[in-house]
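when you get a sec, could you give me coordinates for this:
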Amino acid sequence: MAEIVECVPNFSEGRRKEVVDAIAAAIAAESGVRILDQEMDANHNRCVITFIGNRDGAARGAFAGARKAVELIDMNLHHGEHPRIGALDVLPFVPVAGVTMEDCVQLARTVGRRIAAELGVPVYLYEAAATRPDRKDLPSVRRGEYEGLKAEIETNPDRRPDFGPPKMHPTAGATVVGARPLLVAWNVNLATKDVRVAKRIAKAIRESDGGLPAVRAKGFELADRGLVQVSMNLIDVHKTSPLRAFEEIARLAAAEGVAIAESEVVGLVPLEPLLEGATAHFKLANFHRSQILETRLWE
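Presented below is the predicted three-dimensional model:
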């Protein structure tokens, strides 16, 4: 079986398309890499580039993207709704085929060490690549965001990076690198301007506050669209499916007297959770993915 590693770097730039295009071009220029998707969000001031490759290709593409982001993004000028600590904010490697999670852990540590050594960016390891239990969850690593980490990294031993000196890069900040399973990044936008509604619903559904298993969520304002947003990462769709999360948000929003305006997938999503949602919504009896025309054509 051919090796396929998915890499989903998140960069702190969602308003200058020329910068996002330059980062994507740097990744695509590496041999053995195929870009699958590129998205940017002005409110979050963030972009997500999804690409695949074998282990060597994924490593080269990831480093090329990191190097270009360090060159073009100045965190001292960055503002946006989404939490972040660096120009290349998060760099996860995901095993898809012919590789294991342990392979991706080693890949994350190799690339993370190189980013620190050659680009001078402090690197924290998270999820399966974490070296400490308290750094397994991304929100824990990113607490305080760029400004908070900048104030602590040189004086608080607990915030020392896994690779590189305990000092922020003067413009690129810090980076989080890791290995994780496939996840679904999904935003549900509510038809109200009251961000307190989104924050209450996010708190009610996220696992860390006693909500749904394997759900991370935050509430944001989308000022230019006159909406608010419940932004989610579903880190294990077998524990909480997109359908389950959507239904719970709809229930909580209805209790607030607010309607769901729309929802949006960030990056790419596996077929299975969408198939489960469609099957439930249409009440399809005994439906199976083999009944989808395209899946038969792909065989």
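
mind checking the SS state of residue 49?
strand (DSSP: H, G, I helix; E, B strand; the rest coil).

hmm, residue 35 and it touching each other?
Yes. If you go by C-beta atoms under 8 Å, residue 49 and residue 35 touch, sitting 6.8 Å apart. The way it works is simple: take the backbone N, C-alpha and C, and place the C-beta from them, glycine included.

do you know how far residue 37 is from residue 190?
25 Å (C-beta to C-beta, to the nearest Å).

just for the stretch 151-299 of the chain, where's the confidence low?
Across the stretch 151-299 of the chain, nothing is flagged by pLDDT under 70.

now do 90
223-224, 236-238, 266-278, 280-282, 285-299 (pLDDT under 90).

what are the ranges of the strands in it?
Assigned by DSSP state E, counting those that start in this stretch, the stretch 151-299 of the chain shows strands spanning 175-179, 184-190, 215-222, 227-234, 260-266.

what about the strands in the stretch 1-150 of the chain?
Counting by DSSP E, counting those that start in this stretch, the strands of the stretch 1-150 of the chain are 4-7, 10-11, 33-41, 46-53, 88-97, 123-127.

which of residue 37 and residue 190 has more residues huddled nearby?
Using other C-beta atoms under 10 Å as the criterion, residue 37 and residue 190 rank with residue 190 on top: 26 against 13.

pretty sure the more buried one is touching residue 254, no?
No. Taking C-beta under 8 Å as the definition, residue 190 is not a contact partner of residue 254, at 10.7 Å.

quick check: neighbours shared by those two?
Common neighbours of residue 190 and residue 254, using C-beta atoms under 8 Å, 6 or more residues apart in numbering, do not exist here.

just the helices in the chain please.
All helices of the chain, identified by DSSP state H, fall at 17-28, 55-72, 101-119, 138-141, 145-152, 195-205, 242-255, 271-281, 293-298.

state the mean pLDDT of the longest one.
Think helix 101-119. Regarding helix 101-119, the rounded mean pLDDT is 98.

over to the second one?
Averaging the model's pLDDT scores along helix 55-72 yields 98.

equivalent analysis for the fourth one, please.
Helix 138-141 comes out with an average pLDDT of 92.

buried residues in that helix?
For helix 138-141, burial by neighbour count (16 or more other C-beta atoms under 10 Å) applies to 138, 141.

so which residues make contact with that helix?
83, 85, 90, 124, 126, 127, 134, 135, 176, 178, 208, 216.

now restrict those residues to buried residues only.
83, 85, 90, 124, 126, 127, 135, 176, 178, 216.

which of these has the weakest pLDDT?
Scoring these by pLDDT puts residue 83 last, at 91.

contact partners for it?
For residue 83, the contacting residues are 139, 142, 145, 218, by C-beta under 8 Å, 6+ apart.

repeat for residue 52
Counting by C-beta under 8 Å, 6+ apart, the residues that residue 52 touches are 4, 5, 6, 7, 33, 34, 36, 58, 96.

and residue 252, by the same measure?
Taking C-beta under 8 Å, 6+ apart as the test, what residue 252 contacts is 200, 201, 204, 205.

from residue 202, how far off is it?
10 Å.

and residue 142, by the same measure?
Distance, residue 142 to residue 202, using C-beta to C-beta: 16 Å.

mind checking which of these two has more residues around it?
Using other C-beta under 10 Å as the criterion, residue 142 and residue 202 rank with residue 202 on top: 25 against 21.

okay, how far is it across stretch 285-299, tip to tip?
With C-alpha to C-alpha, to the nearest Å as the measure, stretch 285-299 spans 24 Å from end to end.

any of the contacts of residue 52 buried? List them.
4, 5, 6, 7, 33, 58.

ok, the fourth one - contacts?
When you say that, I think you mean residue 7. Taking C-beta under 8 Å, 6+ apart, one finds 50, 51, 52, 53, 58, 61, 62, 91, 92, 93, 94 in contact with residue 7.

if we only consider those residues, which is nearest to residue 162?
residue 91 (12.9 Å; C-beta to C-beta).

beta partners for the closest one?
Beta-bridge pairing for residue 91 (DSSP bridges): residue 177.

tally of neighbours for it?
27.

is it true that it touches residue 62?
Yes. At 5.8 Å, residue 91 and residue 62 qualify as touching, with contact defined as C-beta under 8 Å.

which neighbours do these two share?
7, 9, 111.

now the second one. Nearest residue, chain neighbours left out?
Among residues not flanking residue 9 along the chain, residue 91 sits closest, at 4.8 Å (C-beta to C-beta, 6 or more residues apart in numbering).
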